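>>> give me a 3D structure for the following:
(one chain, ligands or ions: 2)
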Amino acid sequence: MMIPLDQAQGIVLDSVSPLPIDVTPIDQALGCVLGQTVYAVNDVPSFRNSSMDGYALRSDDTKGAPVTLQIVGSVSAGHVFAGTLAPGQAVRIMTGAPIPNGADAVSMVELCEPNDDDDTVVVTTEIPAGNFIRHPGYDVAAGDVLALAGTTLRPAHLGVLGAQGIGTVPVHRRPRLGVLSTGDELFVDDGPLPPGRIRDANRHSLLGLIREEGWEPVDLGVVPDDRGALLEAFGRAAESCDALITSGGVSVGDFDIVRIVLDDVSGGSMRWMQVAIRPAKPFAFGTLAQTNLPVFGLPGNPVSAMVSFELLVRPAVRRMAGHTNLFRALVSATSTVDLARVPDGRIHFVRGHVSLDGEGHYFARPLEDQESHQLNAMANANALLILPDGRGVAQGTPVRALLFYPADVTELSDDQSTGGAGS
Ligand code: AMP
Ligand code: MG
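Residues are numbered from 1 along each chain as shown. Ligands and ions are numbered 1, 2, ... in the order given. You can find the predicted model right below:
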C-alpha cells in the first residue's frame, strides 16, 4: 500500500521538534533561527551626524541665499568638532561625522562655493533646518524589536546586531546530520573497480545538500551490509548527531541487513513506507530506541536519495532547526513541451530546467534521462517539475515547479520556448 506524500511528511514532522537554543556568536549564526525576540539596546545612530559631505551650518544664516559664511573648522567621521558654531559660521563636514554644536543643517558640497584664500564659503541656496542630518534612533531606537523569535538570521540582521554591539544571539542549534551509505556494492578504495562494485554517489550529494542548507554534516562513511559494522555506525551517529540519514537497503525487495538491523535498534519504530511519488518511493523513518535519534532511510538510487531528502528530510530538519515554514515555495511555470505521463497513483517529480522570459514569467522544460539512477540529469536541473497523478501537463499550460536553484534561472532563449525536451 502506497501512502500519500503529505502523510509521509506528517509522520516525519510529528516525530521531530526544534533543537535547544544556544547562545551563539553572531558571526556563527547566519541562517540560524532566533529562539527569542531580540530588542535594541541602543539608539542607532547614537548621535546626530551628517548624511552628506558638505558644510554644517545654521539654517537661519542661509535665509536670502546666496550667503557667505566663515569656515571655522573641519570634521570627519570618527572625530568631533570641539567648538560651538556662532552665527555666520560653517564647518566642513564629512558623511558620518557628528554635527557640531550650534549647527542645525548640512548643505551638500555641490551647493557650496568655498574660497580657500579667506576661509569662506558661499552657500548658494537656502538650507532648511535638519537638512542631511541623521538623528539619534533614526535607524533603530532603543527598545525597538530588532528581530522576532522565529526569524531566520540573514546577513542584514547580523549587521543590525553588530551595530548594536550585540555579540551573541539565542538561536536554535544548527542540526548535526550524520550521513551513511550502505551496501556491499560500494567500493571506497583507490584503484580500479572490482567486478560488480560501484563508487559511492549518495554520501557526497547528501553531505552537499546538508551543507547547502547551512547544517552541519557528519560523514559516517560507507558501511557494507554487515550487522556489526552497521551497529557500530549507528552508535557513532547517536553520539555525535541530531539525526541520521542512511541510503540504500530500504526497498521492498531488499533483504538487505540494513532493514533487519534498523528494526532491531529502533525498538520496532521504523516505518517502512512506499510513498506515492516517483522517484523515491521507498522510504523509512523511525527513532533509535536508546537515544531517540531520528533515522531517515533513503533509497539507494542516487536521484531517489536526493528527491527523498528534498521532500522528506529537508522539511523535518527545518523543523529541528527552528523554522516554521518547512516547505519550499513553489513557482508556476509554463511548460514549453507536453509533459505526458500515465496515471499510477503517484506524483511525479521531473528533473527540469526553469527559465524566465523578458517579462519575468517562468517557463519550464524537462531534461532527458529521467530514471532514478541518472544523477547527471539532476546535476543539470534547477527544479523538479511536479506532475500530479493523471495524464500530465500540456505544452503551453502551467506546471508547478519546486525551484531549488533560483540563482540558476536564466533568461529563456528562443529555441527553448518553442519546444524540444532536450537538456
Ligand atoms: P537499494 O536502495 O539498496 O536497493 O539500491 C538501489 C540502487 O542504488 C542499486 O542500484 C544500488 O547499487 C544503488 N546505490 C545504493 N547506494 C548507493 C550509493 N551510495 N551511491 C550510488 N548508488 C547507490
Ligand atoms: Mg542495497
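
>>> worst mean pLDDT across the helices and strands of this structure, which element?
Every helix and strand of the chain was ranked by mean pLDDT, DSSP states H and E. The lowest is helix 414-417, at a mean of 57.

>>> ligand 1 contacts on the stretch 201-350 of the chain?
Listed as neighbours of ligand 1 in the stretch 201-350 of the chain under the rule C-beta under 6 Å from any ligand atom: 201-202, 247-251, 254, 256, 299-302. Where you see a C-beta, it was placed from the backbone N, CA and C, and this is true even at glycine.

>>> where does the stretch 151-300 of the chain dip in pLDDT?
Applying pLDDT under 70 to the stretch 151-300 of the chain flags residues 253-255.

>>> closest residue of it to ligand 1?
G300 (2.4 Å; C-beta to the nearest ligand atom).

>>> and that residue, what are its phi and psi?
Dihedral angles of G300 (phi, psi; degrees, to the nearest 10) stand at phi -80, psi -30.

>>> neighbours of it, how many?
Applying other C-beta atoms under 10 Å, we find 26 residues neighbouring G300.

>>> against I257, how distant is the closest residue to it other than its chain neighbours?
Nearest residue to G300, sequence neighbours excluded (C-beta to C-beta, 6 or more residues apart in numbering): G248, at 3.6 Å. Here G248 is placed at a distance of 11 Å from I257 (C-beta to C-beta, to the nearest Å).

>>> specify which residue of the two has the higher count of neighbours.
For G248 versus I257, the count of surrounding residues by other C-beta under 10 Å is larger for G248: 26 against 18.

>>> quick one, what contacts the more buried one?
181-183, 186, 202, 256, 258, 298-300 (C-beta atoms under 8 Å, 6 or more residues apart in numbering).

>>> and A163, what does it touch?
By C-beta under 8 Å, 6+ apart, the residues touching A163 are 44, 139-140.

>>> repeat that with 10 Å
Neighbour list for A163: 40, 42, 44-46, 139-140, 146 [criterion: C-beta atoms under 10 Å, 6 or more residues apart in numbering].

>>> I'd like the distance between it and L146.
When distance is defined by C-beta to C-beta, A163 is 10 Å away from L146.

>>> overlap in contacts of the two?
By C-beta under 10 Å, 6+ apart, the residues touching both A163 and L146 are 40, 44, 140.

>>> so which of those comes closest to V218?
A40 (37.0 Å; C-beta to C-beta).

>>> which ones are touching that closest one?
137, 139-146, 160-161, 163-164, 166.

>>> kindly recompute the last result at 8 Å.
140-146, 164.

>>> the residues of the stretch 201-350 of the chain next to ligand 1 in strands, which ones?
S247 (DSSP state E).

>>> and stretch 140-156, which residues are buried?
Using 16 or more other C-beta atoms under 10 Å as the test for burial, stretch 140-156 gives 140, 146-147, 150-153.

>>> measure it end to end?
13 Å (C-alpha to C-alpha, to the nearest Å).

>>> just give the closest residue to the residue in the stretch 301-423 of the chain positioned nearest to ligand 2, not the sequence neighbours.
Using C-beta to the ion, N301 is the residue of the stretch 301-423 of the chain that sits closest to ligand 2, at 9.7 Å. Once flanking residues are discounted, N301 sits nearest to S372: 4.0 Å by C-beta to C-beta, 6+ apart.

>>> cool, and G165?
Spatially, and ignoring its direct neighbours in sequence, G165 is nearest to N42 (6.7 Å; C-beta to C-beta, 6+ apart).

>>> my guess is the one you found contacts L161, does it?
No. Applying C-beta atoms under 8 Å as the test, N42 and L161 come out as separate, 11.4 Å apart.

>>> looking at those two, which is more packed in?
Taking other C-beta under 10 Å, N42 and L161 do not tie; L161 has more neighbours (21 against 16).
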